[in-house]
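[1] can you look at this prediction? I've put the sequence above it.
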Amino acid sequence: MTLEVTRPAAPGPVFYFDLASPEAYLAAERVLQVMPVATEWVPVLAAELPGAPAPADPALIEARAAARGLQAVRRPDPFPADARTAMLAATFAKSIGRVVAFSLAAFRQAFAGGHDLGDPDVVLIAGSACEMHPSAILKAIETEGTRAGLAAATALAAERGVREMPAVWVPGSGVFHGDAGLDAAAAACSGDAA
């Protein structure tokens, strides 16, 4: 199985996320409602981006989740989790058109359920929520093509200026970082950016 990361001729906005990031979880729960145009979801490894920022304040994450009517945030143990397996599964999910459903399920397993995304069984549960066969997931996360796809997506994100998770890249406007950056990205897509 070979996964390729292609650059579309006229790209639209891209939502970059890492499943280990609670701030990316908050953004993922609202990106579909906030962005005024179709936005591509792309999993990337935050640890491999230049300039990793300090993690978000847990109290702030919990307050934002409560204000949005989300379940109370439950951090997985260990935290931060080693989500590489889940990120490979998200890369596979992207290749078969299920990245949004898989990623939301995985985020909810991690931050609503408090489950460790480093546990392959948790990843398979997230996959089953969007009808991804467990055998297909296990095979895909072991392939060089999936690993190369995740590495290429991460490299392209870095090239575009992504430095932290989450981020939205808007062609012609640049990168908007953090959960709060979604609103500015949406304004840029609408032509309302100052």
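    Perfect, thanks for sending it.
[2] helices and strands of this structure: which one has the lowest mean pLDDT?
    helix 58-67 (a mean of 76; mean pLDDT, DSSP states H and E).
[3] that helix - contacts with which helices or strands?
    If you count contacts as 3 or more CB pairs under 8 Å, 6 or more residues apart in numbering; DSSP states H and E, helix 58-67 packs onto helix 22-34. Backbone N, C-alpha and C define where each C-beta goes, glycine included.
[4] contacts for the helix or strand that comes right after the helix it packs on?
    Toward the C-terminal end, the helix or strand that comes next after helix 22-34 (DSSP states H and E) is strand 40-43. Contacting residues not belonging to strand 40-43 are listed as 11-19, 28, 31, 87, 90-91, 94, 99-100, 103, 150, 153, 157 [CB atoms under 8 Å, 6 or more residues apart in numbering].
[5] which ones among those lie within helices?
    Mapping the contacts of strand 40-43 onto helices (DSSP state H) picks out 28, 31, 87, 90-91, 94, 99-100, 103, 150, 153, 157.
[6] can you pick the most crowded of the residues you listed?
    Of all the ones in helices among the contacts of strand 40-43, the highest neighbour tally under other CB atoms under 10 Å goes to residue 90, namely 33 neighbours.
[7] ok, and the closest non-adjacent residue to residue 124?
    residue 134 (4.7 Å; CB to CB, 6 or more residues apart in numbering).
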